[in-house]
Structure formats: structure tokens, C-alpha cells
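> Structure of the sequence below:
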Amino acid sequence: PTKEACCEAFFPDMECITRDNCVALPSEATPTLKPTPTPNKIFTKPTEDDAVKCTGHGWHMTTNNDGCTDDENFLETWLNPNIKDRMFHPTKEACCNMFFPNEDCKTVDSGCSGSSAPSPDTGGAPFCTHGWHIDRTNNDRCNNNDDIVEAWLLPNMKDQMFHSSSKACCDHFLAGKECKIYDSGCQTSISEEPLFEDFEGGNLSLTKFTTSSFLPWTIVDEHAYKSMKSVKNSVTSGGQSSKLILTMDFPTDGVLSYELRHDTYMPWASLQVRRDGEDVAGFAGHSGPAQWSTEKVLLKKGAHEIVWDVNTKDIVIPPNPRGSGTVWIDDVRFDEAVLLDWEDGEFDDKVVSFSGIGKWRIDDSLPVPPTSKTGLAVHSPKGLLPGEYSTIIIKHSFPTGGLVSFECVLGMGKASFFVDDVLKYSEDTPGKGKQSVQELIPPGEHIFSWKYESPKHANLPLSMFWLDNVNFTNM
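Residues are numbered from 1 along each chain as shown. Next comes the predicted model:
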């Protein structure tokens, strides 16, 4: 009832700053509050003079959830990049189709001048609501009309079904085949915006993510990387699994980064991260208290499915489990990058050069303990004599600065990494397995070089240096 009670409850033994927003009135008067906005809403009623100013957002669902309007009365969280495109639409028809596809939809025009969200000049052409998609009756063509299957609008399907151009549509659905294009003459509203998801919208169904129906992931506010919310798994027991899934058509090569906090220990629980069914990372324990860390998944251009799977094996589980079996994920984002994973088995002579003795090779000899092999990697020449060296060189330009990262494995000998002839990484201890290295790079054109020096004794086994997953990410 009083500011003193509030301070005592929330800030005991601390400085407590108070602000009185109420008009001071005699005790017998009826209290009247100053007209201050509710913190989580925006209330800006346009006047005739500033009607043009309310063109920044567009048509959205009313606060009563009974129709669509273009006013400025909406939840502030709707402006977050991860849900803005789902909440605001250029026309009342598009808004009604999105939120009330099979129901009556009351529309309220606030009187704003040109009150829909800004849209490109279409020269009088109709505006397409969704984008380019496979034709629903003829599967040999792409169309950009609004004759679609309603299920395509579900969050887990939308990014797969709709594309920003006829080429992107054909590449996705009819790669390597003849693709007929039928342009309905309308302007598509799809834009290639980078992925960023911080889960602050509070509703997983409004994101690009899906989850398992049994033991789902949910958005919580108990831990977060920077803001207030993150997404976490359901706790599993023997033979159970809780999955978070991202299915998306990525417009370029790049890096999917995310913040991870895990409290899992084998055999009670572990986290596997898979890309298109292939394991790319695993987390089965940690030392000390659970902490946030930045993790990455490298992606080539095209459609991919990324799965975060917290599971417990169907075995006899020891008593007294360690950890809570919980994983939190936050701030998932995709950044365009130049990715060299060598999977095409060829060097681009315009990008890669060599110095020293011999030319590096691409093959699947990369040693991964205990005896398995993973894909293709580039490695230094075999048979170098003591005192000889070989260097692979890559030139790359960062207009605004960026990040270079790579994975490497050293057998016997010494490996060094240089940026513009400045040493950034060096290793001469064998048996350390795969190492991940990254370095921030200032703007400009740079020369990146990896140098391998042979050991002091000839003909030693594994006298090579392997390099894989080199990526240059603009910042």
C-alpha cells in the first residue's frame, strides 16, 4: 500500500528510488491517475495533423482478439524482429487471412493516412500475401498467387513453402528439373531477413521453431542470455527424448550461432545437435556451475533441419543423478559467411594459393578418435623432410570487419596461423585432437595463412596438419 512497503519487499538494505505518478488528492476525493502509458503497450492516438506518422507498422490483431486494425495500440513485444513480420501486415485482408482464416474478421480503420505498413511501389499491381510457392494443382511449376493450401501457413511449414523469388522457389522444389514459372503480376511481400530469435515473444508457435509434441521445449524466464526469456527442454528419463527443431531455407552459406546453457550429465541426460540427421555437436557434462557459451553450426546455402535433442538412453540409470537434465537456448541467429568445407573436393585457384614445399590435398584422411573419418578436409603434403615447410594461403576482404574461424588437427610437427604475417595461433604438441580457433578481423583486405613445419625426425606417422570448416563471417 505504500512506497515504504514496496521498497522493503523488493530492495531490502538497498537504495530504493521511488516515483509517485498519482495526483495528490484529499483523502475523501476519488483518486485519479495521471494518464501514463501501460509499460508493455503503446497507446498513440493519431490526430488529423500527424496521421501520416502512423504508417510504420501496419494492420494487426486488435487487443480484443476479434478482428484487425491499423492503429498504434498493440503489445510492444510485437516489434521484436523475431515476430514482427507475423504480427503486422500490409492490408486488412492479409491480416484477416493470417489471424481469422475461417472466421468473421471485424476491421477497424484508425483513419491514418495510408495506414498500412510501407510497401514497395507495385505500379498498381495486386499485392501477394505470401510469396512464390509450388503450384497446388501442377507440381511442375512455381506461382506467386494466393491459391495455396492453408496448412502451408503453419509455422513449421511456412519457410519451406514460400520463397522470395521464382528462382528460389524452383531451386527448392524442382532442383535439376524443368520449372515452369507463372507470375500472377503481383508484388511479393517476402523479404530475405536474417534469422534472429531471442524468444522474447513468449510463444514458440510464433517463431520459426517447432518442438516434439511429447516432452516439448517451452519458453521460460528462469534463465536468459541477455534479455528475459529463453527456451528450455522437458526433463527426460530412460528412453525418452525432447527435441527443438529449426527447419529453414537459408539464402546463403553461413553460420547459425546460438547461446547455450546446459546442465546435463551422461548417462542421465545428454544433448545432441544434428544438422540434416548428422551429429555436429554433443554435450554430455560440464565442470563447475552451468554457464552460457556460444555454439555454432556451419550451413551451406539451401534447406536444412537443425535439431537440438535432449535424451536419456534406454539403459539402467544409476541413482543419484548429476545435474538437472536441462538445456536452455537463446539468441539464435544466422550470419552470412564464406564457408570453405572442401566438400566439393576442389580448390578455387582465385581464392587459394600455396608457398613452401608441395601443394596441399583434399581427402578424407582426417583422423577423428578413435578410428572414424568425417567428410573431407585439406591437409599439408605428405613426406616433408626435417626443416621443410608448406603453407596454404587465402585472401579475403571484410568491408566492415568480421570473424575468421576454423577447425584443425595436428599430427606430428608444428602448425601456425597468421593474419597478414602476424602470428595468431601456434601448436606443436601432438595428440590434442580437433582444435577450434577464431579471430576477430578489422575492416579491409587480409591475407590468411596456415603454415605446417615437419618434425625434426623423418618418416614419423601422422606428420601432417589438417584444416577444415574455414569460414569468414562479416560483422
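> Can you check the pLDDT for F209?
Note on F209: pLDDT of 93.
> okay, now the nearest residue to it once chain neighbours are set aside: neighbour count?
Spatial nearest neighbour of F209, excluding adjacent residues (CB to CB, 6 or more residues apart in numbering): L246 at 5.4 Å. C-beta here means a position set from N, CA and C on the backbone, and glycine is covered the same way. A count of nearby residues for L246, using other CB atoms under 10 Å, gives 22.
> How about P318?
Neighbours of P318 (other CB under 10 Å): 9.
> so which helix or strand takes in the closest residue to it other than its chain neighbours?
Using CB to CB, 6+ apart and skipping the chain neighbours, the partner closest in space to P318 is P267 (7.1 Å). Following DSSP states H and E, there is no helix or strand that holds P267.
> Convert whichever strand in the chain runs longest to PDB, retaining C-alpha atoms only.
In the chain, assigned by DSSP state E, the strand with the most residues is strand 326-340. What follows is strand 326-340 as a C-alpha-only set of coordinates in PDB (Å, rounded to 0.1, in the frame of the first residue of the first chain):
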ATOM      1  CA  THR A 326      18.000 -29.200 -18.500                       C
ATOM      2  CA  VAL A 327      19.200 -27.200 -21.500                       C
ATOM      3  CA  TRP A 328      18.500 -23.600 -22.200                       C
ATOM      4  CA  ILE A 329      19.000 -22.000 -25.700                       C
ATOM      5  CA  ASP A 330      18.800 -18.300 -26.500                       C
ATOM      6  CA  ASP A 331      19.700 -15.700 -29.200                       C
ATOM      7  CA  VAL A 332      19.700 -17.900 -32.200                       C
ATOM      8  CA  ARG A 333      20.900 -16.000 -35.300                       C
ATOM      9  CA  PHE A 334      22.200 -16.700 -38.800                       C
ATOM     10  CA  ASP A 335      25.000 -14.700 -40.300                       C
ATOM     11  CA  GLU A 336      26.100 -14.900 -44.000                       C
ATOM     12  CA  ALA A 337      29.600 -16.200 -44.300                       C
ATOM     13  CA  VAL A 338      32.100 -17.500 -46.900                       C
ATOM     14  CA  LEU A 339      32.400 -21.200 -45.900                       C
ATOM     15  CA  LEU A 340      35.300 -23.500 -47.100                       C
END
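> Quickly run through the sheet partners of it, with directions.
strand 196-197 (antiparallel), strand 230-232 (antiparallel), strand 254-263 (antiparallel), strand 465-474 (antiparallel) (DSSP bridges).
> from the chain's centre, how far out does the first one sit?
Read that as strand 196-197. From the chain centre to the centre of strand 196-197 is a distance of 6 Å (CA atoms, centre = their mean, to the nearest Å).
> what do you get for the second one?
Distance of strand 230-232 from its chain centroid, counting by CA atoms, centre = their mean, is 14 Å.
> and the residue nearest to P318, how many residues sit next to it?
So P267, with other CB under 10 Å, has 15 neighbours.
> Which residue comes closest to D341 once chain neighbours are left out?
Among residues not flanking D341 along the chain, N469 sits closest, at 5.4 Å (CB to CB, 6+ apart).
> and that neighbour, what pLDDT?
At N469, the model reports a pLDDT of 89.
> Can you give me the distance of it to D309?
When distance is defined by CB to CB, to the nearest Å, N469 is 22 Å away from D309.
> My understanding was that the residue nearest to D341 contacts E407; is that so?
Yes. Under the criterion of CB atoms under 8 Å, N469 makes contact with E407 at 4.8 Å.
> in the protein, which helix or strand is least confident?
strand 41-42 (a mean of 34; mean pLDDT, DSSP states H and E).
> now the helix or strand that that one is followed by, how far from the centre of its chain.
Sequence-wise, the next helix or strand downstream of strand 41-42 (DSSP H and E) is strand 60-61. Centroid separation between strand 60-61 and its chain, computed with CA atoms, centre = their mean, is 26 Å.
> what about the stretch 301-450 of the chain, any weak spots by pLDDT?
In the predicted model of the stretch 301-450 of the chain, residues 368-374 satisfy pLDDT under 70.
> Would you state the strands of it in chain order?
Ranges of strands in the stretch 301-450 of the chain, per DSSP state E, counting those that start in this stretch, are 302-311, 326-340, 352-356, 361-363, 377-379, 389-398, 402-410, 414-419, 422-427, 435-441, 444-453.
> now the stretch 101-250 of the chain
Applying DSSP E, counting those that start in this stretch to the stretch 101-250 of the chain gives strands spanning 106-108, 133-134, 141-143, 180-182, 196-197, 209-211, 218-220, 230-232, 241-250.
> Just list what the longest one packs against, helices and strands only.
To tie it back to what came earlier, the one meant is strand 241-250. Here strand 241-250 touches helix 155-161, strand 209-211, strand 302-311, strand 326-340, going by 3 or more CB pairs under 8 Å, 6 or more residues apart in numbering; DSSP states H and E.
> Please save the CA atoms from the third one in CSV.
In this case it means strand 302-311. What follows is strand 302-311, C-alpha atoms only, in CSV (Å, rounded to 0.1, in the frame of the first residue of the first chain):
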residue,chain,number,x,y,z
GLY,A,302,19.7,-24.3,-49.1
ALA,A,303,17.2,-26.1,-46.9
HIS,A,304,18.4,-27.6,-43.6
GLU,A,305,16.9,-29.1,-40.5
ILE,A,306,18.7,-28.4,-37.2
VAL,A,307,17.7,-30.5,-34.2
TRP,A,308,18.6,-30.0,-30.5
ASP,A,309,17.8,-33.3,-28.9
VAL,A,310,18.0,-33.8,-25.1
ASN,A,311,17.7,-37.5,-24.4
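> now it against strand 326-340, angle please.
Orientation check (axes from the mean of the first three to the mean of the last three CA atoms, to 10 degrees): strand 302-311 against strand 326-340 gives 150 degrees.
> buried ones in strand 302-311?
Neighbour-count burial for strand 302-311, with 16 or more other CB atoms under 10 Å as criterion, is recorded at H304, I306, V307, W308, D309, V310, N311.
> before we move on, the earlier item: tell me which of the strands paired with strand 326-340 lies nearest to E336.
Closest of the strands paired with strand 326-340 to E336 is strand 254-263, at 4.7 Å (criterion: CB to CB).
> Tabulate the strands of the stretch 101-250 of the chain (JSON lines), appending distance to C7.
Output for the strands of the stretch 101-250 of the chain, formatted as JSON lines (distance: least, CB to CB, whole Å):
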{"stretch": "strand 106-108", "distance to C7": "42"}
{"stretch": "strand 133-134", "distance to C7": "57"}
{"stretch": "strand 141-143", "distance to C7": "62"}
{"stretch": "strand 180-182", "distance to C7": "66"}
{"stretch": "strand 196-197", "distance to C7": "37"}
{"stretch": "strand 209-211", "distance to C7": "40"}
{"stretch": "strand 218-220", "distance to C7": "28"}
{"stretch": "strand 230-232", "distance to C7": "30"}
{"stretch": "strand 241-250", "distance to C7": "40"}
